[in-house]
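Chemist: just coords:
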């Protein structure tokens with residue numbers, strides 16, 4: 001078996017920042033889901049992306065160490081980066097066929113942009129008590145979209161210093177929990193962190209797909225369509241967010257950290 005694999009830091013301003021993702025470029029005739037899940041577990045990153053070329057575009061699937069997910073921003077950014085950097089394609093715009101429909105990527109200067117669906121939250125009047133117990137914050141707002149809970153707090157230091165109790169958060173039936181606040185830094189409009197223990201990822205360093213929710217939320221608050229975001233995990237990462245009606249454009253940089261190939265066979 002000769003399947004190339006790459007590790008990429010996505011939404012990164014320098015090596016070993018941003019969110020690491022693995023990218024596997026598969027043969028066109030290969031698509032064993034069980035093997036992909038085992039690779040996701042072996043790579044042990046928040047997401048491993050699998051690419052297959054098909055009729056001028058690419059099928060794209062994303063796996064955490066424990067499950068396949070419907071949408072992932074940083075691994076899509078990493079996939080586009082690898083396709084261009086390693087000369088798999090010379091297309092100016094790459095089309096990805098995914099479980100969330102057709103997504104596209106293009107370059108503007110040093111940034112790669114993704115075209116993703118907007119996923120605005122709906123305000124909740126009630127929510128699981130485990131959310132309160134797991135975060136122990138005073139929320140200004142709690143909402144939810146089809147993927148995640150969104151919790152807004154007043155002080156950005158609450159976001160930065162948050163120490164979640166994952167024994168409560170992992171019991172909530174959701175992909176993840178976004179905690180956000182207005183930024184106190186002039187360079188950024190808002191900050192956030194993202195926790196997904198139920199999906200096998202306690203804290204995701206930089207979560208592109210969460211900004212499909214955060215972008216519309218903060219865009220309405222600020223009355224802006226162009227926003228700059230910082231995810232304040234230990235690694236940290238920057239995301240440019242452009243609101244385009246029912247779509248969100250996410251921009252960021254990528255850095256390839258390592259490359260290799262799988263030596264173990266897909267089947268015994």
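Modeler: Looks like it arrived, so ask away. Bear in mind the structure is a predicted one, so any value in this text is a computation, not a measurement.

Chemist: helix, strand or coil for residue 45?
Modeler: coil (DSSP: H, G, I helix; E, B strand; the rest coil).

Chemist: how would you label residue 82: helix, strand or coil?
Modeler: At residue 82 the chain is in helix, as set by three-state DSSP.

Chemist: Quick one, grab the pLDDT at it.
Modeler: Confidence at residue 82, expressed as pLDDT, is 98.

Chemist: residue boundaries of the strands in the stretch 1-150 of the chain?
Modeler: Counting by DSSP state E, counting those that start in this stretch, one finds strands in the stretch 1-150 of the chain at the ranges 3-10, 19-25, 48-54, 57-63, 68-69, 93-98, 101-108, 111-117, 122-123, 141-144, 148-152.

Chemist: Identify the residues contacting residue 233.
Modeler: Contact partners of residue 233, counting by C-beta atoms under 8 Å, 6 or more residues apart in numbering, are 193, 194, 203, 204, 205, 206. Quick note: C-beta positions are derived from backbone N, CA and C, even for glycine.

Chemist: State the helix or strand in which the first one lies.
Modeler: Which is residue 193. In the assignment (DSSP states H and E), residue 193 maps to strand 190-196.

Chemist: Give the pairing partners of the helix or strand just after that strand; include direction for each.
Modeler: Next along the chain after strand 190-196, taking DSSP H and E as the criterion, comes strand 201-204. Within its sheet, and counting by DSSP bridges, strand 201-204 is paired with strand 190-196 (antiparallel).

Chemist: would you list the strands of the stretch 1-150 of the chain in a markdown table and tack on mean neighbour count and mean pLDDT?
Modeler: Supplementary listing: those in a markdown table, determined by neighbours: other C-beta atoms under 10 Å; pLDDT from 0 to 100:
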| stretch | mean neighbour count | mean pLDDT |
| --- | --- | --- |
| strand 3-10 | 22 | 96 |
| strand 19-25 | 26 | 96 |
| strand 48-54 | 21 | 95 |
| strand 57-63 | 23 | 96 |
| strand 68-69 | 20 | 92 |
| strand 93-98 | 18 | 96 |
| strand 101-108 | 16 | 95 |
| strand 111-117 | 20 | 95 |
| strand 122-123 | 9 | 97 |
| strand 141-144 | 18 | 97 |
| strand 148-152 | 25 | 98 |
